[in-house]
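1. Fold the following for me, if possible:
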Amino acid sequence: MEKPLVDITYCPKCGWMLRSAYMAQEILSTFVDDVKCVTLIPSETSGVFTVHVGGKLIFDRKQKQRFPEIKELKQLIRDEVNPTKNLGHSDVR
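-> Numbering: from 1, shown residues only. The predicted structure follows:
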């Protein structure tokens with residue numbers, strides 16, 4: 001089975017590039033064996049911040065009216081790419 005791609009689409013006009021890069025770094029270090037890559041995609045639409053795993057939307061800032069906590073994002077990604085993976089302290093709810 002091929003490893004899924006993770007896409008983070010963000011609004012550069014809103015100043016969300018650094019937040020996106022931080023999240024990409026966390027994803028890559030946590031899921032080194034589970035994802036193929038993380039792609040940062042600047043949106044031309046203001047206010048966009050979404051995360052897709054293998055083409056499936058797992059988080060949308062507009063729907064949730066907030067950004068994901070990194071712990072939450074790791075749990076959502078884990079549920080898609082490797083449901084049995086232990087995330088250590090990030091698994092404590």
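
2. surely residue 36 meets residue 2?
-> Yes: using Cβ atoms under 8 Å, residue 36 is in contact with residue 2, at 7.1 Å. Every residue, glycine included, has its C-beta placed from N, CA and C.

3. between these two, which one's more packed in?
-> For residue 36 and residue 2, the more surrounded residue by other Cβ atoms under 10 Å is residue 36, and the numbers stand at 13 against 6.

4. do you know how far the nearest residue to residue 47 once chain neighbours are set aside is from residue 65?
-> Closest residue to residue 47 apart from its sequence neighbours, by Cβ to Cβ, 6 or more residues apart in numbering: residue 11 at 5.6 Å. Look at residue 11 and residue 65: by Cβ to Cβ, to the nearest Å, they are 15 Å apart.

5. Pull the number of nearby residues for residue 85.
-> Close neighbours of residue 85, defined as other Cβ under 10 Å, add up to 17.

6. Let's verify it: helix, strand, or coil?
-> coil (DSSP: H, G, I helix; E, B strand; the rest coil).

7. ok, it - contacts?
-> Under the criterion of Cβ atoms under 8 Å, 6 or more residues apart in numbering, the neighbours of residue 85 are 31, 34, 78.

8. okay, now the last one: neighbour count?
-> The local packing count at residue 78 equals 20, with neighbours defined by other Cβ under 10 Å.

9. Touching, it and residue 72? I think so.
-> No: under the contact definition of Cβ under 8 Å, residue 78 does not touch residue 72, with a separation of 10.7 Å.

10. Find the residues that touch each one of these two.
-> Common neighbours of residue 78 and residue 72 are not found (criterion: Cβ under 8 Å, 6+ apart).

11. tell me which element the spatially most central residue of the chain falls in.
-> What sits nearest the mean C-alpha location of the chain, by Cα atoms, centre = their mean, is residue 51, with 4.7 Å. The secondary structure element spanning residue 51 is strand 49-53 (assigned by DSSP states H and E).
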